[in-house]
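1. Sharing a sequence plus its predicted fold:
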Amino acid sequence: MLLFAASRALRAAVTILFVMTFAFVVLRLSGDPALLIMSVDAPPEAIKAFRQAWGLDQPIWEQYLTYIGHAVTGDFGKSMRDGRPAIDLVMERVPATLAITLPALALKIGIGIPAGIYAALHRNSMADRLTMAASVAGFTMPSFVLALLLVLVFAVQLGWLPASGSGSLSHAILPIVTLGTGGAAIMARFTRSAMLEVLGQPYIRAASAKGVTWRRVVSSHALPNAAIPTVTIVGFMVGSLVAGAVIVESVFAWPGIGRLLVSAVANRDLAVVQAILMVIAFWMVSANLTVDLAYGWLDPRVRSATAGGH
Amino acid sequence: MALRESLPVVVPSSWLATVTRRAAALPLGVTLALAWLAVMIGAALLADWITPYSITAFDLTARLSPPIGMGGSWAHSLGTDELGRDVLSRLIMSVRMSLLIALFGTLIATTLGTSLGFLAAHFRGRVEQVVLMAIDFQASMPFMIIALSVLAFFGNSLPLFIGLMGFHSWERYARIARGLTLAANEQGYAAAVRQLGAGPGRIYGLHILPNIASTLIVSMTLTFPEIILLESGLSFLGLGVQPPLTSLGNMVGYGREYITRAPWIMLAPATVIVLTTFSISFLGDWLRDKLDPTLK
C-alpha cells in the first residue's frame, strides 16, 4: 500500500512539473516577453533593464531552473495590471469560487447518484427514460445557455432573483443551480451505467439465487461495486471545483477564479494566468491523487496490481 | 435481420427509392436528428446564396425588430439586433463557422491522436512512454484552461484557434488507437500482412485502420459536439472567434447584452447549438449500438 501511494504521489509530482514546463515553454514560444509586456517603442535601455531584472539575458536552461525554483515557492511574479503578487490575487478569489462550486457539487451528488441508481434499478421504466433524456440534455446544453435561460425566467420574467453580481445569498442561487443541474445529469448517467454493469454480473445472480433478498443484494453487493467507477467521476468533479466555473462565473459576474482567468487572458496578464494554471493543476492533481488512493482503499485489486504501471 | 437478407432482393427502382426505403426503416429520433443535421450542413454549404442580407449590413430603421411570432415581419424572419443586422443571416454564417471549426478540430484531433497511438504501439519502449505521459498530462488538466492560457500567451487568430481546437481530446484517439493496435498486432491478420512483406504504412493504413475505424468514428461523434460546445463557450466569453467573423457562441455572447429587450438575438443561436449537439450525440449513441458492441 505504501509503495502504491508513493508511486502515485511521484506521478502527481511529475504532472505538476509537466504543467510548469508547459507554461514556461508556451510563454517562451510566444515571443520575447520583454517586447510583449513593454510597448514597442520603449527605449532599448529600458528593455535591456527589463531583461536583466527578469533574468531574460541568462541562458535558457538557467532561466528554466530559476523559473521552477520560483514557482515551487509560489512566486509567479507580479500582476501587470495592479502590481500585486499574482499568487495573492489568485488565492483571494478561491473562496468565492468554492462558495458556488461546493454547493453545486452537493447538488450533483445529491440528485445525480440517487437518480442514477433508481433509473438502473427500474430499467426501461418511465423514470429511467426521463432520467436518460435529462442527462443527454444536460450534456448537450452549454452552461451559458442554461445560465441565460435561468436568468430569462427567474430574473427577467419572474423577477425573483438577481441576474448577476455577488454579495448576498440570493446572488449565489442561479450560479449554483446552473452548475448543479448540468453536473447532476452527467452524474446520473454515469451512476446508471455503472449500476447496470454491476447488476449484469454473475455474482449478483448468484447472490439472488442463494436466496438473499433483493434489497440486500442491491445494498451489499451491487452498490459497493458500482461505487468504484462512480468515485472516479466524483473525483473528476472535485478536481474541477476550482476550474469548472469559468463560464458560469462570467455570466453571473461572480468574483471567482474563473472570471479572474477570463479577464487575465483578455488583458494578457501572463503572471496571473500562470499562477491560475498552477493553482488549478495543483488542485486537479491532488484530487486525482486522492481518488487513486481511494481506489486502493475501495478495491483491493488495484492495491495489489503493480505500483505505477499503466 | 438474417431472414430479411435471405429474402429475394427487391430491385430498387432508383437511387432515390433506395434512400427513402432505408430512411423509413430508421427510428424516428434518428431520422429527425439526421434531418436537422442535413439542414445545418445545407445551410453551411449554401450560406453565401441563402443569407437574405449581408451579415454586416445595418438597417438602422429596423433595429431590434422582433421575429415572426413575436410581432415581427417576414422582412427579418428571426428579427434584428441592436444595429439592425438580420439575425437569420448572422445565424447561417455562424452555423457555417461553428461547423467548420468543429469539423477541422475533429479531423486534427483524430489524425494526431491516431498517429501518436500507432507510433506508440509500433515502437513501444521509450516512444510509448512519452506518448503515455503526454496523454496523462492532457487528461489531467481541463482543456478549457489549457486553451485559455494558450490564447493568453499567443493572442488570437482564426488558424491558431482552429489548431487549438484540434488539440481537444486527441488523447482519446491516441488511447484507442494504441490499445486496439496492440490487440490487432496479436491477431493473425496483421502478422500475416507483415510476413508478406508489407511496410508499416501499408499495415497501419490499409489493414489496421479499417479494422479500428468504427470505434474511431463513434469517438468522433463525441468530439464533434464537444468542440462545438468548447468553441461556443470561448467565443461566448469573447476569447474565441473574433468580430467581424461570427460564430454561434459569439452571437449568444452578444445577445446576452439584450436579454431583456431582445431575447431572440440570444435564443436563436442557443437553440441551434443545443439542437445540433443533441442531434450528433443522439446519432452517436445510436451508431455506437450499431457499430461497436464492445463500447457500451
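-> Ah, there it is.
2. In stretch B:160-175, which residues are buried?
-> B:161-162, B:164-175 (16 or more other CB atoms under 10 Å in any protein chain shown). No exception for glycine: its C-beta is placed from N, CA and C like everyone else's.
3. Just put the residues you listed in a markdown table and tack on distance to A:Ser164.
-> As requested, these are exported to a markdown table (distance: CB to CB, whole Å):
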| residue | distance to A:Ser164 |
| --- | --- |
| B:Phe161 | 27 |
| B:Ile162 | 31 |
| B:Leu164 | 29 |
| B:Met165 | 28 |
| B:Gly166 | 34 |
| B:Phe167 | 32 |
| B:His168 | 29 |
| B:Ser169 | 31 |
| B:Trp170 | 36 |
| B:Glu171 | 35 |
| B:Arg172 | 35 |
| B:Tyr173 | 39 |
| B:Ala174 | 40 |
| B:Arg175 | 40 |
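4. Let's have those in TSV, adding distance to B:Val127, secondary structure and pLDDT.
-> Formatted as TSV, the buried residues of stretch B:160-175 follow (distance: CB to CB, whole Å; DSSP: H, G, I helix; E, B strand; the rest coil; pLDDT from 0 to 100):
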residue	distance to B:Val127	secondary structure	pLDDT
B:Phe161	30	helix	88
B:Ile162	28	helix	89
B:Leu164	25	helix	88
B:Met165	26	helix	89
B:Gly166	21	helix	88
B:Phe167	20	coil	88
B:His168	23	coil	86
B:Ser169	21	coil	85
B:Trp170	16	helix	89
B:Glu171	16	helix	88
B:Arg172	19	helix	88
B:Tyr173	17	helix	90
B:Ala174	12	helix	90
B:Arg175	15	helix	88
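5. Contact residues of the stretch 101-250 of chain B facing chain A?
-> Contact residues (CB under 8 Å from any CB of the partner chain) of the stretch 101-250 of chain B with chain A: B:132-133, B:136-137, B:140-142, B:144-146, B:148-155, B:225, B:229, B:232-233, B:236-239, B:249.
6. Contact partners for the residue nearest to the spatial centre of chain B?
-> Nearest to the mean C-alpha position of chain B, counting by CA atoms, centre = their mean, stands B:Phe224 at 2.6 Å. If a contact means CB atoms under 8 Å, 6 or more residues apart in numbering or on different chains, then B:Phe224 has B:102-103, B:106, B:280 as its contacts.
7. Name the residues of the helix or strand harbouring it that are buried.
-> Secondary structure assignment for B:Phe224, by DSSP states H and E: helix B:209-236. Neighbour counts over helix B:209-236 (16+ other CB under 10 Å) mark B:209, B:212, B:214-216, B:218-236 as buried.
8. Now do B:Leu119, the pLDDT please.
-> Confidence at B:Leu119, expressed as pLDDT, is 88.
9. Excluding chain neighbours, give the residue nearest to it in space.
-> Nearest residue to B:Leu119, sequence neighbours excluded (CB to CB, 6 or more residues apart in numbering or on different chains): B:Val127, at 5.8 Å.
10. what number of residues lie near the one you found?
-> 14 (other CB atoms under 10 Å in any protein chain shown).
11. and if you look at A:Val234?
-> Applying other CB under 10 Å, we find 22 other residues in the vicinity of A:Val234.
12. What parts of the stretch 201-310 of chain A come near chain B?
-> A:240, A:243-244, A:246-247, A:250-251, A:261-262, A:264-266, A:268-270, A:273-274, A:276-277, A:280-281, A:284-285, A:288, A:310.
13. Buried only: go through those residues for me.
-> A:240, A:243-244, A:246-247, A:250-251, A:261-262, A:264-265, A:268-270, A:273-274, A:276-277, A:280-281, A:284-285, A:288.
14. ok, B:Val241 touching B:Met251?
-> No: using CB atoms under 8 Å, B:Val241 is not in contact with B:Met251, being 10.0 Å away.
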